[in-house]
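Novice: Sequence and predicted structure below; questions after.
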Amino acid sequence: MNGEAGSRVPAVIVGAGVNGLGVLRSLAAAHVPCIVVDTSAALPAMRSRFGRKHVYRDDGADAVIRALEQIAADMRGERPALVLTQEHAVTHVSRQRERLQDLYRFTLPAHDVLTALMHKEGFYKLALAAGASIPRSCHITTTAQIDALAALQPPLVVKPGVRDRAYAARFRKAYRVESVGEAQTLVQRILPILADVVVQEWIEGADSDIYFCLQYVAAEGETAASFVGRKIRSWPPQVGGTACCAPAPDAKVLSARTTAFFAHVGMRGFASMEYKRDVRSGEFFMVEPTIGRTDHQEEVATLNGVNIPLAAYRAELGLAIAPVSSSKKPVCVWRDRAADQQSAARSTSVAPWQPPQARIVDSLWRVADPMPAVVPFVSRLKRRAHRIMRAGRNTASSSKTKS
């Protein structure tokens, strides 16, 4: 990419967490100039040696939009490519797309499609209409609907219909419960905080039976890039996000299935689909999509030869999409070290699935870009030293008092 006309057009990445760091490194590897945007300078991508950094104040719903307008004003007429890595940013940008469309290059589906897919009940209805395999579900918004849960077969998963700060402050991302009664009790606790709860039948299988397909769908409807992966561990186990994952060449059928579904609903832009394979039947069930943004583990695709952020960047600039390399490289396992260690410690599995002869790549640590890992490591050492010193002073003070 170096030397091409497109390489002078920057990419603006909204979100400096692990997700944003993976996107930044993916684009920097192709010499794409990047600007990372977030509300804190302490986040991983803000520590990277790649890209410029822009910290803005989170002072309202429109804060990210104003930050993007400020960055665009400094571009002197150049329209950067916009890459979103945060769900709230997707919602704000979609609502304000007319404000931004002359300032940035980005692709999103129609707003009603986006909002339907981002809501668990909306996605469930679209999946049923498309004839997709999806576990049975109930959408509960009032206590009067709780009795409907009796129609579901336990075990069950209870989760919010949408992301909500008040919910997140009180409850976990999702719960597995073993009976309808447990589900009803839990839903009754949640409803006063969030009147939007989804209860779904559990699909039997381990964390390593969870698969995903990461894609970018160009504005014309062409799938510019697609990658199928598989979790190794989740945190928290069974109901959490990706802690460790790898390619899943044995499940390439999920790429065509995902492409067909997104074409059916009119999806455009960054999108991915999570699946779970039922260990009893071997059938893959759709679980939930990620819409309008990159996924937490997006970099696993880049590490294994499918650079989806770069494909999106090139598509936005009208450049040809480079073909996926067919060279035989060692399989790369991507892991979020802290989450993976916690999951491994909690796991009851004796021998979790692991790809043979895989190279493990840490989400933060890289020899060529060490600071995203070094800074938090040093901070932890300082906190530990401070606790030890404080404990020593307390012990010494206690000894003097006794004497």
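Specialist: Thanks, I have it.

Novice: mind listing what Ile180 touches?
Specialist: Just so we're on the same page, residue 180 is Val rather than Ile. 149-150, 152, 154, 156 (CB atoms under 8 Å, 6 or more residues apart in numbering). Just so you know, the C-beta spots here come from the backbone N, C-alpha and C atoms, and that holds for glycine as well.

Novice: Just the closest of the residues you listed to Ala368, please.
Specialist: Nearest to Ala368, judged by CB to CB, of the contacts of Val180 is Leu156 at 45.7 Å.

Novice: didn't the closest one look like it was pressed against Val197?
Specialist: No. Counting by CB atoms under 8 Å, Leu156 stays clear of Val197, with 11.4 Å between them.

Novice: Can you tell me the SS state at Glu69?
Specialist: Judged by DSSP: H, G, I helix; E, B strand; the rest coil, the three-state class of Glu69 is helix.

Novice: Leaving out sequence neighbours, find the closest residue to it.
Specialist: Leu103 (6.8 Å; CB to CB, 6 or more residues apart in numbering).

Novice: Could you report the neighbour count for that neighbour?
Specialist: Neighbourhood size, Leu103 [other CB atoms under 10 Å]: 19.

Novice: got a list of what the nearest residue to Leu114 once chain neighbours are set aside touches?
Specialist: Among residues not flanking Leu114 along the chain, Ser94 sits closest, at 5.3 Å (CB to CB, 6+ apart). Shown in contact with Ser94 (CB under 8 Å, 6+ apart): 108, 111, 114-115, 292.

Novice: three-state assignment of the residue nearest to Leu194 when sequence neighbours are not counted?
Specialist: The spatially closest residue to Leu194, leaving aside those adjacent along the chain, is Tyr167, at 4.3 Å (CB to CB, 6+ apart). Reducing the assignment at Tyr167 to three states with three-state DSSP gives helix.

Novice: And Val199, by the same measure?
Specialist: Strictly by three-state DSSP, Val199 counts as strand.

Novice: coming back round to it: what are the phi and psi values at the residue nearest to Glu69?
Specialist: Note on Leu103: backbone dihedrals following degrees, to the nearest 10 are phi -100, psi -30.

Novice: ok, now the one 5 residues further on?
Specialist: Dihedral pair for Leu108: phi -130, psi 160, per degrees, to the nearest 10.

Novice: So the residue nearest to Leu194 sits against Ile190, correct?
Specialist: Yes. With contact defined as CB under 8 Å, Tyr167 counts as touching Ile190 (7.0 Å).

Novice: Quick check: which element contains Lys231?
Specialist: Using DSSP states H and E, Lys231 maps to strand 223-235.

Novice: mean confidence score for that strand?
Specialist: Across strand 223-235, the average pLDDT comes to 95.

Novice: what's next to stretch 332-344, contact-wise?
Specialist: 18, 207, 232-237, 240-247, 296-297, 299-300, 303-304, 352, 354-355, 358-365.

Novice: Which of these fall within strands?
Specialist: In strands, defined here by DSSP state E, the members of the contacts of stretch 332-344 are 232-235, 241-247, 359-362.

Novice: From these, pick the one nearest Ala256.
Specialist: Nearest to Ala256 among the ones in strands among the contacts of stretch 332-344: Pro247, at 16.4 Å, using CB to CB.

Novice: Could you report the neighbour count for the closest one?
Specialist: 23.

Novice: Point out where the stretch 301-403 of the chain drops to low pLDDT.
Specialist: 323-328, 348-352, 376-383, 385-386, 389, 391-403 (pLDDT under 70).

Novice: how does it look with 50?
Specialist: Scanning the stretch 301-403 of the chain for pLDDT under 50 picks out 350.

Novice: Kindly report the same for the chain.
Specialist: For the chain, the ranges with pLDDT under 50 are 1-3, 5, 350.

Novice: Now, of the contacts of Ser94, which are buried?
Specialist: Neighbour-count burial (16 or more other CB atoms under 10 Å) is assigned, among the contacts of Ser94, to 108, 114-115, 292.

Novice: Pick the one among those closest to Met75.
Specialist: Using CB to CB, these come closest to Met75 at Leu108, 20.3 Å.

Novice: which residue packs closest to the closest one, ignoring adjacent ones?
Specialist: Gly269 (4.9 Å).

Novice: Check Tyr211 too.
Specialist: Distances taken as CB to CB, 6+ apart place Tyr275 nearest to Tyr211, at 4.5 Å, with adjacent residues excluded.

Novice: sec struct for the one you found, please.
Specialist: Under three-state DSSP, Tyr275 comes out as strand.

Novice: what's it in contact with, if anything?
Specialist: Tyr275 touches 210-213, 251, 254, 284-287, counting by CB under 8 Å, 6+ apart.

Novice: Any idea what it is bridged to?
Specialist: Counting by DSSP bridges, Tyr275 is bridged to Tyr211, Met286.

Novice: That one and Val12, how far apart?
Specialist: 31 Å (CB to CB, to the nearest Å).

Novice: same thing with Leu24?
Specialist: Distance, Leu24 to Val12, by CB to CB: 11 Å.

Novice: any residues in contact with both of the two?
Specialist: Cys34.

Novice: So between the two, which is more surrounded?
Specialist: Leu24 (31 against 25).

Novice: Surely the more buried one forms part of a helix?
Specialist: Yes. Under three-state DSSP, Leu24 sits within a helix.

Novice: Number of residues surrounding Pro330?
Specialist: Count around Pro330 with other CB under 10 Å applied: 10.
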